[in-house]
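Visitor: Structure of the sequence below:
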Amino acid sequence: LNMQKWIILMLFGSFILVEGDADEKHLPLIPNQSVPNSMKKEKMAYYSLSFTKDTFVEGQDLVIEVMNMGNEDSDPDIFISKEEKFPNFYSNDYKCSEWGDEVCPIPSKKLSQNDVWYLGVFCSLDCNYSLKAVFTKEYPLKHGHYITNYLDSEESRIFVLDVPNNSSIKKIKI
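Guide: The predicted model follows:
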């Protein structure tokens with residue numbers, strides 16, 4: 001029995017019909033390894049990200065990055081879920097769909113060693129992209145203190161700044 005899964009997406013006021021096989025396989029995504037892919041417009045590719053004792057980093061956030069590697073106008077978006085095996089615009093735990101490359105952080109408190117996460121990448125135009133998952137620690141920023149940080153090529157870091165509700169801070173320079 002070959003069941004079809006149809007997803008109707010509303011994007012910028014128009015409907016997009018995306019066909020996907022319910023038995024479709026997920027491509028594996030391994031932490032710290034880039035996965036390049038090409039996709040036709042208005043299609044989705046699916047990935048699974050499993051952690052093992054060798055790939056999981058306790059106490060660090062996970063950053064999922066999708067980088068456009070081709071057509072300047074293509075805009076890969078990413079949808080992430082722990083439960084939904086085929087995450088999309090409407091069914092996801094995390095959605096990163098701003099214009100351009102996407103960087104989606106998942107807090108360490110939401111992760112555990114035996115997790116399996118599911119990812120969907122959508123391109124509104126034909127696109128070439130690279131998908132990567134990396135663990136990174138948070139770097140706290142404190143009011144009145146300066147921090148200098150250098151990033152290697154394709155490195156991600158999370159900077160955290162807590163601003164109290166009753167704070168007199170009116171401007172933040174980064």
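
Visitor: Does anything pack onto the helix or strand hosting Trp117? Which helices or strands?
Guide: Per DSSP states H and E: Trp117 is located in strand 116-123. Counting contacts by 3 or more C-beta pairs under 8 Å, 6 or more residues apart in numbering; DSSP states H and E, strand 116-123 packs against strand 35-39, strand 43-50, strand 77-81, strand 127-136. (Glycine included, C-beta is placed from N, CA and C.)

Visitor: the strands in this protein, which residues?
Guide: When secondary structure is read from DSSP state E, the chain shows strands at 4-11, 14-21, 27-29, 35-39, 43-50, 61-68, 77-81, 94-96, 102-106, 116-123, 127-136, 138-141, 158-161.

Visitor: Same list, those strands, but as a markdown table with mean neighbour count please.
Guide: Below are the strands of the chain laid out as a markdown table (neighbours: other C-beta atoms under 10 Å):
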| stretch | mean neighbour count |
| --- | --- |
| strand 4-11 | 12 |
| strand 14-21 | 12 |
| strand 27-29 | 15 |
| strand 35-39 | 15 |
| strand 43-50 | 18 |
| strand 61-68 | 21 |
| strand 77-81 | 22 |
| strand 94-96 | 18 |
| strand 102-106 | 18 |
| strand 116-123 | 23 |
| strand 127-136 | 20 |
| strand 138-141 | 14 |
| strand 158-161 | 12 |
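
Visitor: Let's have these in a markdown table, adding mean pLDDT.
Guide: Shown next, in a markdown table, are the strands of the chain (pLDDT from 0 to 100):
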| stretch | mean pLDDT |
| --- | --- |
| strand 4-11 | 38 |
| strand 14-21 | 38 |
| strand 27-29 | 90 |
| strand 35-39 | 89 |
| strand 43-50 | 92 |
| strand 61-68 | 89 |
| strand 77-81 | 94 |
| strand 94-96 | 90 |
| strand 102-106 | 88 |
| strand 116-123 | 93 |
| strand 127-136 | 90 |
| strand 138-141 | 68 |
| strand 158-161 | 61 |
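
Visitor: how about these in CSV, adding distance to Pro87?
Guide: Compiled in CSV, the strands of the chain are given as follows (distance: least, C-beta to C-beta, whole Å):
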stretch, distance to Pro87
strand 4-11, 11
strand 14-21, 12
strand 27-29, 13
strand 35-39, 16
strand 43-50, 8
strand 61-68, 11
strand 77-81, 4
strand 94-96, 8
strand 102-106, 11
strand 116-123, 4
strand 127-136, 13
strand 138-141, 25
strand 158-161, 22
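
Visitor: picking that back up, wait, which of the helices and strands packed on strand 116-123 is closest to Asp101?
Guide: For the helices and strands packed on strand 116-123, distance to Asp101 was read as C-beta to C-beta. The smallest value, 8.6 Å, belongs to strand 127-136.

Visitor: Mind putting the helices and strands packed on strand 116-123 into a markdown table with distance to Gln60?
Guide: What follows is these, written out as a markdown table (distance: least, C-beta to C-beta, whole Å):
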| stretch | distance to Gln60 |
| --- | --- |
| strand 35-39 | 20 |
| strand 43-50 | 14 |
| strand 77-81 | 17 |
| strand 127-136 | 4 |
